[in-house]
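Peer 1: here is my input; please provide its structure:
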Amino acid sequence: MNRYLMTLLAGVAIGAIALQGLHAQGAKQKAYAVSEIEVLDASALAAYLPGARKAIQAAHGRALGTAGGRVVQIEGGPAPKRVGITEWDSVDDAVAFYKSKAWTDLAPQREKAAKIVRRYVVETEK
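Peer 2: Numbering: from 1, shown residues only. Sure, this is the predicted structure:
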């Protein structure tokens, strides 16, 4: 009877390991939206940011607090004046947000406050 119990336990362990591997394969990769920004109007930006941050949080994005941080050029062309980085659960989540009504509705305020030089989403490696 011990042999049967050991066989059963070994089968359960192998099944659990295989299931964990399947879940890992289907897991979404984190993604980061990078926005290179040129401020047009500081007071308009101050009025815009709370609404933008709220919309990002509502969509489960996590702003990394880089928008006001110092940007230092290391290699290549000149560094952007300002960079915002937002973490997302996946590229699909980021793209869906930037195409959403919540984000689109903020466009008039955003366009008064800042010029988006470039925005892109980068997925982490597996």
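
Peer 1: can you list the weak-confidence ranges in this structure?
Peer 2: 1-26 (pLDDT under 70).

Peer 1: show me what the helix or strand hosting Pro50 is packed against.
Peer 2: Per DSSP states H and E: Pro50 is located in helix 42-58. If you count contacts as 3 or more C-beta pairs under 8 Å, 6 or more residues apart in numbering; DSSP states H and E, helix 42-58 packs onto strand 62-63, helix 101-105, helix 107-113. C-beta: built from backbone N, CA, C; applies to glycine.

Peer 1: out of those, flag the one nearest Gly51.
Peer 2: Across these, Gly51 has its closest neighbour in helix 107-113 (6.9 Å, C-beta to C-beta).

Peer 1: immediately after the closest one, which helix or strand?
Peer 2: strand 114-123.

Peer 1: what residues does that following strand touch?
Peer 2: 29-41, 45, 48, 80, 82, 88, 90-91, 94-95, 98, 110 (C-beta atoms under 8 Å, 6 or more residues apart in numbering).

Peer 1: and stretch 27-42, by the same measure?
Peer 2: 45, 61, 67, 80-94, 98, 112-126.

Peer 1: chain center to stretch 116-126, what's the gap?
Peer 2: Offset of stretch 116-126 from its chain centre (C-alpha atoms, centre = their mean, to the nearest Å): 8 Å.

Peer 1: just stretch 69-82 next, same as before
Peer 2: Here stretch 69-82 is found 21 Å from its chain centre; the criterion is C-alpha atoms, centre = their mean.

Peer 1: what's that stretch in contact with?
Peer 2: Against stretch 69-82 from outside (C-beta under 8 Å, 6+ apart): Glu36, Ile37, Glu38, Val39, Ala67, Gly68, Val83, Ala114, Val117, Arg118.

Peer 1: which ones among those map onto strands?
Peer 2: Among the contacts of stretch 69-82, the ones falling in strands (DSSP state E) are Glu36, Ile37, Glu38, Val39, Val83, Ala114, Val117, Arg118.

Peer 1: for the residue nearest to Val117 when sequence neighbours are not counted, list each beta-bridge partner.
Peer 2: Computed as C-beta to C-beta, 6 or more residues apart in numbering, the closest residue to Val117 that is not its neighbour in sequence is Glu36, at 4.2 Å. According to DSSP bridges, the residues that bridge with Glu36 are Val83, Arg118.
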